[in-house]
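Undergrad: Dropping a prediction and its sequence here:
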Amino acid sequence: MSTDAASVRTAAPGTLPYDDSPTLDATNIARTESLVKRYMWTSTLFLVIAGALGLVLRQSQADIVRVDDNLWYALMTAHGLGAFVAWAGFFLMGAMYWILMRLGIPLRTYILAEIAYWTMVLGTLGIVWTTLISGFGASWVALYPLPFHSAGEWSDTATGLFSFAVLLAGVSIITWSLALLVAVTGPAIGSASNNIFYRLLIALGFSKLWPSKFKHTNGRMTPYPVIPITVVAVNMLTMTLPFAVLLVFMIIESIDGSFTTDPQLAKNLLWAFGHPVVYLLLFPCVAALYYFIPRFARRELVSGRIVVVVWAIALVSNSFLWAHHMYLDYPDSGPQQILNFVHEPVTFAIVLASAVSIYALSATILRSDFHWTAASKFLIAGMAGWLTAGFQGVINADIQFDEMLHNTLWIVGHFHHMALLGLGMILMGVFYAVLPMISHRPLYSEKLADIHLWGMLIGGYGWVIAWLIPGLEGAPRRFAILPEEWDFWTQVSIPFIIVMTVAILVGLYNYVRTATNSPWAPDAEPQIS
Amino acid sequence: MNGTQIVITVLYSAVTLIGIVGLIAVLRTTSRSSRAKGREANIEKLHKGENWWALMSLAIVVVLFVATFFGIPWMNRAQADSTATVRALQFAFIIQPAQIPAGTVDFKVKSDDVSHGFGLYAPDGKLVKQIQIIPDVESTMTVKLDTPGTYKILCLEFCGVGHHNMVGQFEVTK
Ligand code: HEM
Ligand SMILES: [Cu+2]
C-alpha cells in the first residue's frame, strides 16, 4: 500500500479492509471528491422530494387524502423521473467518477462532469415545474401523441417545456458518458495502441480475453469495474440519441402544431432509450459491486474471461432490445411484429451479464473472511434484491407471460423491487462506504444503519409484494383510483410504506450526521475492527 | 388465476426460493465457525465453474425462449368464429356488437386519438388477455371466450386524466 500524503488521507476513516488503490495525485483526489459529494447530496435531496411524491400517490389510492385526478398523474410523472433519473441515476453517475478515481483512472476533464451536473439539476427543476405547476401529466414515457391530447389539462407549451427539461437530463447523461469514455480510453488504462477502437476494447477487458492481441503497457489488466462502466457509457451515449430526436420533434410540434410524428415510430424511439436507461442504474451498480465486494471479502474478484464475453454481448444487445416494451403492439400491418419477435431472444442474451456477475460475486464471497459493515450489509441486501427482481425481469421478457403482466401493478412491483430494494440498496451501500472516505470522518452510527437496513427490508418487501400479487391477478397500472377489488392490497401496503419511509429517514439522518459528525456524536469512533 | 398466471407464480416462487437459499448458503460459508472447520475456497475450481454457470444460464434462456415461442399471440392464432370491432377514444370504448356468441373471437381494435390498452376481464374479474390499441392503425386480438356473462374492458395503456374511468363491457351469450 502506498504511503504518500494523499492516499493516507483517503485511507483514514472508514477505510476498506483490503485496498489496492494506486497512488494518486492529491489535487485530483480533492477535485473528484468535491464533485462526487455534490452529485451525491444533490441527488439525495431529489430522493426526498420524489419519495414524498410517491407517498402522496399511494396514500391517495388508499383514499386517505385523495388528490385531484390530473394532479395525481402529474405527481406520478414527476415522481417517476425524479426517483429514477434524478435520484438513482444521478447518484450513480457521481459514484462512477469516484470508483474510476480509486482505480487510478480519474476524469481527464472536469468540464463534462460539470455540464452533466448542471444540465441534470436544471432538467430536474424543469420537470418539477412543468408537472407540478403547469400540470403536465402524461407519465414519464409521455407516450406520443398523448402529450398533445391533454383533454384540456395542460397546454402544448407545457408539453414543449417538459420535453425540453427531459432533453436537458438527456444532455446530462450524454456528457457524463463522454466524460467516462474520455477517462477509460485515456493513458491511465495503458493501452498498447493509440487506435481509439483498440483503446475501447482494452477498456472492455479484451486483454483478458485475447492477451496476445490486446496488450497493456503498464502491466496492469483492465480492472473489472471498468468493463460495465465502459459498456454503460457507450450504450447511453448512443441510445439517448433516438429519444433526444423524439423530444426535439415534440418541441417543434409544441410550437408548430402542423408538424406531427408517427405514433409507432415515436414509441420505438422512446423505448430505444427507455430500456437502456434502466442500465444507467444497473451497470454502475454492478461496477460498484465489482469494486467493493472483493475489498470486503479481502480477495480479488473471482472471475475469468467469460465475463468479458458476456459484457460484450450486453453492449450489443442493449441497443436492440427495446421492442420488449412493445410486445403487445402488434398491428396487422407493418414491421412491428417482426421487431418484437427478434428483440425477445436479444433480451434474453443480456441476462447473461447479470447471471455471470452474480456468480463471480458469490464466488468471491464464498469462504472468504468477509468484513461486515453498514456498507457491505447494504451491498449484500441489494444483491439479493437484484437477484429476486431479476427473475421477474426474465419472466417479463417472455411475450407469453408479458401478455398477462404488461401495464399491471406487477410491473410497478417489479421495477420498485429492482430500483429500490436491489439497485437502491446497492447505491445506499455505496453511500455508506464512500461517505466516510470523502468526508474524512467515520460513519456516525452502525446501529442506525442496521435500523435503516432492516426497516427497508421489512417495509420494502411488504410494499412491493402488495403490488406484485394484485398485479399478477390483473390489477391495472397508472390508475389514480383503482377498481375497488384491489383496495385490500392498497391498504395492506400503507403500514409497510410507513416502516420503509421511517427507515430511509433514519438512513438519511445517519448520512448527514456522518458528513457533519458533531463532536457530541455517541459513537464517533471508527467502527472498523 | 388462469393457467399462465399460475405458471408465473409457481415458476417465480420456485426460482426465488432457490436463489435466496443459494445466497444464504454462500454467506454462511463466511462465518468464523464455518471457516474454522471448512476448507479454503478453491479459486481455480470456482473459475472453471464460471464457464459452466454461463453455459447453464444460456441453456435456461434458450429453453425459455423456445417454450414461449408457442405462446406468441400473433403467431399462434386460432380460426375465429366471430368478429367484433373496438373503437377507443379518450375516455371510452365503443364495442360492436354488444353481444357476442361464445367461441373464438377476433377483436379488431383501433384508436381515434392516443394509444389505449384493450384489457379484457372475465365475468369473475380476472384478466384474460390484452392488446395495445394504436392510433389509426388496426390490430387484431384473437381469444377464446367460453364462459357466458358480462366481460369488462379496462384501459391498459395510460391515456390521460380519465384513464381510470375508461371502461367498456359486452356480453358473451351461449
Ligand atoms: C417512498 C417510496 C415510493 C413510493 C411510495 C412509490 C409509489 C409509486 C406509485 C404509487 C406509483 C404509481 C404506480 C402506478 O403506475 O400505478 C409509482 C410510479 C413510479 N415509481 Fe415509485 N414509489 C416510491 C419510490 C420509487 C423509487 C425509489 C423509484 C426509482 C428509483 C421509483 C420509480 C417509479 C417510476 C419510474 C414510476 C412510474 C412513473 C410513471 O409510470 O410515469 N419509485 N411510484
Ligand atoms: Cu385509454
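TA: Yep, it's here. Ligands and ions are numbered 1, 2, ... in the order given.

Undergrad: for ligand 2, what are the nearby residues on chain B?
TA: With C-beta under 5 Å from the ion as the criterion, chain B comes near ligand 2 at residues B:116, B:155, B:159, B:166. Every C-beta, even on glycine, is put in place using the N, C-alpha and C of the backbone.

Undergrad: how does it look with 8 Å?
TA: By C-beta under 8 Å from the ion, the residues of chain B that approach ligand 2 are B:88, B:90-91, B:114-117, B:133, B:155-160, B:162-163, B:166.

Undergrad: quick one: the helices in the stretch 201-350 of chain A?
TA: A:206-209, A:226-255, A:263-274, A:279-297, A:306-317, A:336-365 (DSSP state H, counting those that start in this stretch).

Undergrad: Take those helices and write them to TSV, including distance to residue B:70, mean neighbour count and mean pLDDT.
TA: Putting the helices of the stretch 201-350 of chain A into TSV (distance: least, C-beta to C-beta, whole Å; neighbours: other C-beta atoms under 10 Å in any protein chain shown; pLDDT from 0 to 100) gives the following:
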stretch	distance to residue B:70	mean neighbour count	mean pLDDT
helix A:206-209	37	20	94
helix A:226-255	31	22	98
helix A:263-274	25	21	97
helix A:279-297	30	25	96
helix A:306-317	23	21	97
helix A:336-365	13	22	95
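
Undergrad: looking at those helices, which is closest to ligand 2?
TA: helix A:263-274 (13.5 Å; C-beta to the ion).

Undergrad: anything in that closest one near chain B?
TA: Yes: Helix A:263-274 comes into contact with chain B (C-beta under 8 Å from any C-beta of the partner chain), by way of A:263-264, A:267.

Undergrad: Looking at those residues, which one is closest to ligand 1?
TA: residue A:267 (14.7 Å; C-beta to the nearest ligand atom).

Undergrad: Please name the residues that touch that closest one.
TA: Listed by C-beta atoms under 8 Å, 6 or more residues apart in numbering or on different chains, the contact partners of residue A:267 are A:143-144, A:326, A:329, B:115.

Undergrad: Repeat the analysis, applying 10 Å as the threshold.
TA: A:141, A:143-144, A:246, A:274, A:322-323, A:325-326, A:329, A:336, B:115, B:132, B:134 (C-beta atoms under 10 Å, 6 or more residues apart in numbering or on different chains).

Undergrad: Would you confirm that residue A:415 belongs to a helix?
TA: Yes: residue state for residue A:415 (DSSP: H, G, I helix; E, B strand; the rest coil) corresponds to a helix.

Undergrad: which ones are touching it?
TA: A:80, A:84, A:278, A:389, A:392-393, A:396, A:422, A:464, A:467.

Undergrad: Filter the residues of chain B next to ligand 2 to keep only those in contact with ligand 1.
TA: Checked against ligand 1 using C-beta under 6 Å from any ligand atom, the residues of chain B next to ligand 2 give no members in range.

Undergrad: near chain A too, which of those?
TA: B:90-91, B:114-117, B:133, B:155-160, B:162-163, B:166 (C-beta under 10 Å from any C-beta of the partner chain).

Undergrad: looking just at contacts, which helices and strands does the longest helix seen in chain A meet?
TA: Using DSSP state H to define each element, chain A has its longest helix at helix A:26-61. Secondary-structure packing of helix A:26-61 (3 or more C-beta pairs under 10 Å, 6 or more residues apart in numbering or on different chains; DSSP states H and E): helix A:5-11, helix A:69-81, helix A:90-102, helix A:110-128, helix A:425-439, helix A:446-472, helix A:487-516.

Undergrad: What average pLDDT does the shortest one get?
TA: By that I understand helix A:5-11. Helix A:5-11 shows a mean pLDDT of 35.

Undergrad: Repeat that for the fifth one.
TA: Over the span of helix A:425-439, the pLDDT mean works out to 95.

Undergrad: by how many degrees do it and helix A:90-102 diverge?
TA: Between the axis of helix A:425-439 and that of helix A:90-102 there is an angle of 50 degrees, by axes from the mean of the first three to the mean of the last three C-alpha atoms, to 10 degrees.

Undergrad: For helix A:425-439, name the packing helices and strands.
TA: helix A:5-11, helix A:26-61, helix A:90-102, helix A:279-297, helix A:374-396, helix A:446-472, helix A:487-516.

Undergrad: Residue A:224 is in contact with residue A:205, correct?
TA: Yes: between residue A:205 and residue A:224 there is a contact under C-beta atoms under 10 Å: 7.4 Å.

Undergrad: Between the two, which contacts overlap?
TA: Contact criterion C-beta under 10 Å, 6+ apart; residues shared by residue A:205 and residue A:224: A:303, A:307-308, A:311.

Undergrad: By proximity to ligand 1, which residue of chain B wins?
TA: When scored by C-beta to the nearest ligand atom, chain B has residue B:158 as its residue closest to ligand 1, at 7.0 Å.

Undergrad: By mean pLDDT, which helix or strand of chain B comes out lowest?
TA: Least confident helix or strand of chain B, by mean pLDDT, DSSP states H and E, is helix B:32-37 with a mean of 83.

Undergrad: helix or strand right after it?
TA: The helix or strand immediately downstream of helix B:32-37 is helix B:43-69, counting by DSSP states H and E.

Undergrad: and the following helix or strand past that next one, what does it pack onto?
TA: Next in sequence after helix B:43-69, counting helices and strands by DSSP H and E, comes strand B:82-89. Other helices and strands packing on strand B:82-89, by 3+ C-beta pairs under 10 Å, 6+ apart, are strand B:92-96, strand B:99-101, strand B:103-111, strand B:116-121, strand B:127-133, strand B:139-145, strand B:167-173.

Undergrad: how much does strand B:82-89 deviate in direction from strand B:92-96?
TA: Put simply, strand B:82-89 runs at 160 degrees to strand B:92-96, going by the same axes, to 10 degrees.

Undergrad: Kindly export strand B:82-89 (C-alpha atoms) in PDB.
TA: Once non-C-alpha atoms are left out, strand B:82-89 reads as follows in PDB (Å, rounded to 0.1, in the frame of the first residue of the first chain):
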ATOM      1  CA  SER B  82     -66.900 -14.300 -35.000                       C
ATOM      2  CA  THR B  83     -65.500 -10.700 -35.200                       C
ATOM      3  CA  ALA B  84     -66.000  -7.700 -33.000                       C
ATOM      4  CA  THR B  85     -64.800  -4.200 -33.700                       C
ATOM      5  CA  VAL B  86     -63.500  -1.900 -30.900                       C
ATOM      6  CA  ARG B  87     -63.000   1.800 -31.300                       C
ATOM      7  CA  ALA B  88     -61.200   3.500 -28.400                       C
ATOM      8  CA  LEU B  89     -61.100   7.200 -27.700                       C
END
